[in-house]
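Here's my sequence, what's the structure:
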Amino acid sequence: MRLFTQGAYRRALLITLLLSANQQALADSDLQRLETRVLGDFLPSIKAKAPEHEIFVQASKWLSEQGFDGSWADIDYRDTRRAGWPPIQHLQRLTFMTKAHALSGEQRYLDASLRALDYWFKVKPTSTNWWWASIGIPLQLGPIGLLLDGKLPDTLKQQILASLPPHSILEVPANTPKHAGANRTDIAKAVLHAGLMTDDESAIELALDAIEETIAVTEGEGIQQDFSFHQHGPLLHNGSYGKVFMHTALYWAYQVRDLKWAFATDKVNILSAYILDGDRWMTRGDTIDYSTMGRAISRPNSNFGAVSQAARYLAELDPNRRQDAQAFADYLAGGPVGLDGVRHYWRSDYSVVQRPAYQFTVHMHSTRVRPTETGNGENLKGKWLGFGNTFLRLSGDEYKGIFPVWNWARLPGVTAPDIEAPGLSWGKKYPASDFVGGLSNGNNGVAVMQLNQEGLKANKAWFMFNAEIVALGADIAYEGSEPVLTTVEQNLLHGQVTADGQVLASGRYSLNHASWVHHNQTGYLFPKGASGNLELLPKVGNWYQINNNASKTMQRHEIFELTLSHQQQNHYAYVLYPGKSAEQTSAYAQAMPITILANTADQQAIWHKTQHQLQAVFYQPGSVNLPDGVEVNVDTTCVLLLDKAANKVYLSTPGTAAQVKVTISNKGHKQSVTLSTPKDTALLGSTVATSIK
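Residues are numbered from 1 along each chain as shown. Next up is the predicted model:
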């Protein structure tokens, strides 16, 4: 007869209570209440005991295929690879059987679970990547140990506890690379599981304190001042490491919301802002912007996970932003997007437009921010990610599953030689320019990237208005022999394609001074005419080519690819007109409300006549003349937005702090205003504004 500790007996009783038809009231102590919540969360479909439920389907499958010794014949337990480590499948399968036992009480699942655990600790699989032993394995074993506690032989329980990180690991400074940001929250989560298994409230408190500690605005790895997220140095990671951080921090903040370990109000406020002013703006459909995923863009089925649940947690956790959080949850359930504006993330050189009809993002890099990374056999063709790549999404599905067949030399928005190659390994620095960034007035905005690296030079800018995005490129030069292209779009082919009113069949077309192309509710317009190529063709590839841990099974997709050639022209101009029909695109081409005022090495500027707005990039001090005779002069390099309708000037100085004198002249009348941009590193590159008469 097995003797249970008081804590193990209580956990077994809690599972029984959770499974009973008439659940008992929550236990009185904070520890018991926390255990009840955590155990209940491990079994999210507590009432779904039907054999067809996924938990039982998977558990039955793995039980039938399990060897007598507790192993599975298709798993290579000797494999030590760094990423996509096969032995972890053993614990994933074990988790299904553990849950099936907790839900059903069936002895066969318990016996199979104990055999699987016994085998795991006998063979002791290892990886050359520290992450699996420190984080990946503990995060699997913790829930298994809690669900089986009370039914585990003491030897197995001690082996599980020995596999979880010791409390002392949380004493390592939070800014060390292996213990920062998302890694720290994951390690703390495993320590917390150990504390729950042993009823060690000091360990629980230590772990919760460590998780709460990560909810902070920093100039290092973690949440930035603009609510983007950095990991592996100054690299945008909201969609990968940031996702891990967010789910862990929010989950535990929610679980202890009314217990003695409740997180401080200022921490909850930061977490709310990170999700609602960061992640929410970056999300379209059920997926966060691929630009924010780092090397995870090369992983099959990489998406934003259970963010709808996170939004609901937040709605209850933070009453001050409950309406925003609920609107986010409603959108993820199929409701309206609830956002309409532009945000520029100056800490990450990244801009987002969110409208009811579409989302547009541009991801850049500079001397302050890295563009991408390659590591663990992942992201093997991502050389040009972060070089001004853009994603235009309406439904959110425009690029879903495309990456195995993508031409990675031709990323949307990027001007580059026609070369596919991996990016630099993590931690390596790319050559870059200082003058990269943007601005936003909330509704509209500008992004700019001055390229000067690997023999490639270009001035690139994006001007973001209410209905359209204007992209300009100038002073394009390359020292190599490969042809240089600017890719306007490369996404999944959906529906018919029209060029200057002619419906096109599948094939390859040369564009000779084309004025517009329409595809999938989006118009692509060329104010100066376009010279390039349009391809409407099937392409094949596999995930393994971009991620050596993934499948070699060939994928096939029909692709829409629109590129501009720079063999004879060292500049370009195009307009994205999303959420519109071919007929609307044709009409817009005839009465385009924008005027290109400049597109040179010194200056790029757009006047929007219906919005009465100038958006301009000054690579040198200078002047620009508006169609109505107004002259705007600046004495310092800057990015500027003049909103004549609101009588306001918005300005930023990417890469530096400066005082900028703006002079507006009209029929002999002059007025000057001086704007000072922030010196603080955390605010460097952010937008300042002033009113004018």
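
In this structure Asp500 contacts Asn512, no?
No: using Cβ atoms under 8 Å, Asp500 is not in contact with Asn512; the gap is 10.4 Å. In short, each C-beta sits where N, CA and C put it, glycine included.

Settle it for me: which of these two has more neighbours?
Remark: of Asp500 and Asn512, Asp500 carries more neighbours, 13 against 9, as counted by other Cβ atoms under 10 Å.

Tell me who's in contact with the more buried one.
Counting by Cβ atoms under 8 Å, 6 or more residues apart in numbering, Asp500 makes contact with 514-517.

all strands of the stretch 401-550 of the chain, in order?
Remark: strands assigned in the stretch 401-550 of the chain by DSSP state E, counting those that start in this stretch are 415-417, 436-440, 445-453, 456-464, 469-478, 484-492, 497-499, 502-504, 507-519, 522-541.

which of these sits most buried?
strand 436-440 (a mean of 28; mean count of other Cβ atoms under 10 Å).

Each with direction, which strands does that strand pair with?
Next to strand 436-440 in the sheet, as set by DSSP bridges, lie strand 445-453 (antiparallel).

Could you find the closest non-adjacent residue to Val436?
Once flanking residues are discounted, Val436 sits nearest to Ser366: 3.6 Å by Cβ to Cβ, 6 or more residues apart in numbering.

Around the one you found, count how many other residues there are.
Here the number of neighbours of Ser366 (other Cβ under 10 Å) works out to 23.

pLDDT value on it, please?
Per-residue confidence (pLDDT) for Ser366: 96.

dump the residue contacts of it.
Counting by Cβ under 8 Å, 6+ apart, Ser366 makes contact with 349, 432-437, 449, 654-655.

Mind doing that once more with 7 Å?
Counting by Cβ atoms under 7 Å, 6 or more residues apart in numbering, Ser366 touches 349, 432-434, 436, 655.

between the residues you listed, which is nearest Val673?
Within the contacts of Ser366, the smallest distance to Val673 is 22.0 Å, found for Gly655 (Cβ to Cβ).

Can you report how many residues lie near that closest one?
20.

Same question for Arg33.
Arg33: 16 surrounding residues under other Cβ under 10 Å.

part of a strand, is it?
No: using DSSP: H, G, I helix; E, B strand; the rest coil, the secondary structure at Arg33 is helix, not a strand.

Is it in contact with Leu259, as I believe?
Yes: using Cβ atoms under 7 Å, Arg33 makes contact with Leu259 at a distance of 6.3 Å.

Which residue ranges of the stretch 101-250 of the chain form helices?
Taking DSSP state H, counting those that start in this stretch, the helices of the stretch 101-250 of the chain run over residues 107-123, 130-131, 137-148, 154-163, 181-198, 201-214, 241-255.

Turn those into TSV, columns for distance to Gly455, mean pLDDT and mean neighbour count.
Output for the helices of the stretch 101-250 of the chain, formatted as TSV (distance: least, Cβ to Cβ, whole Å; pLDDT from 0 to 100; neighbours: other Cβ atoms under 10 Å):
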stretch	distance to Gly455	mean pLDDT	mean neighbour count
helix 107-123	51	97	19
helix 130-131	36	90	14
helix 137-148	45	94	23
helix 154-163	50	95	16
helix 181-198	35	88	25
helix 201-214	41	93	20
helix 241-255	32	92	24
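
would you list these in JSON lines and tack on distance to Pro621?
Converted to JSON lines, the helices of the stretch 101-250 of the chain look like this (distance: least, Cβ to Cβ, whole Å):
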{"stretch": "helix 107-123", "distance to Pro621": "67"}
{"stretch": "helix 130-131", "distance to Pro621": "49"}
{"stretch": "helix 137-148", "distance to Pro621": "55"}
{"stretch": "helix 154-163", "distance to Pro621": "62"}
{"stretch": "helix 181-198", "distance to Pro621": "40"}
{"stretch": "helix 201-214", "distance to Pro621": "43"}
{"stretch": "helix 241-255", "distance to Pro621": "38"}
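
can you list contacts of stretch 554-568?
By Cβ under 7 Å, 6+ apart, the residues outside stretch 554-568 that reach it are 401-402, 404-405, 407, 410, 476, 483-493, 497, 517, 519, 524, 530-542, 572.

Same question for stretch 671-687.
Stretch 671-687 is contacted from outside by 219, 225, 344, 346, 437, 439-440, 649-655, 657-664, 688, 690, 692-693, using Cβ under 7 Å, 6+ apart.

again, only this time at 8 Å
For stretch 671-687, the surrounding residues in contact (Cβ under 8 Å, 6+ apart) are 217, 219, 224-226, 344, 346-347, 349, 368, 437-441, 649-664, 688-690, 692-693.

For that stretch, measure first residue to last.
End-to-end distance for stretch 671-687, by Cα to Cα, to the nearest Å: 21 Å.

Show me which residues of it are buried.
675, 677-678, 683-687 (16 or more other Cβ atoms under 10 Å).

Stretch 363-371 too?
Counting neighbours by 16+ other Cβ under 10 Å, one finds that the buried residues in stretch 363-371 are 363-366, 368-371.

Fine, thanks again, bye for now.
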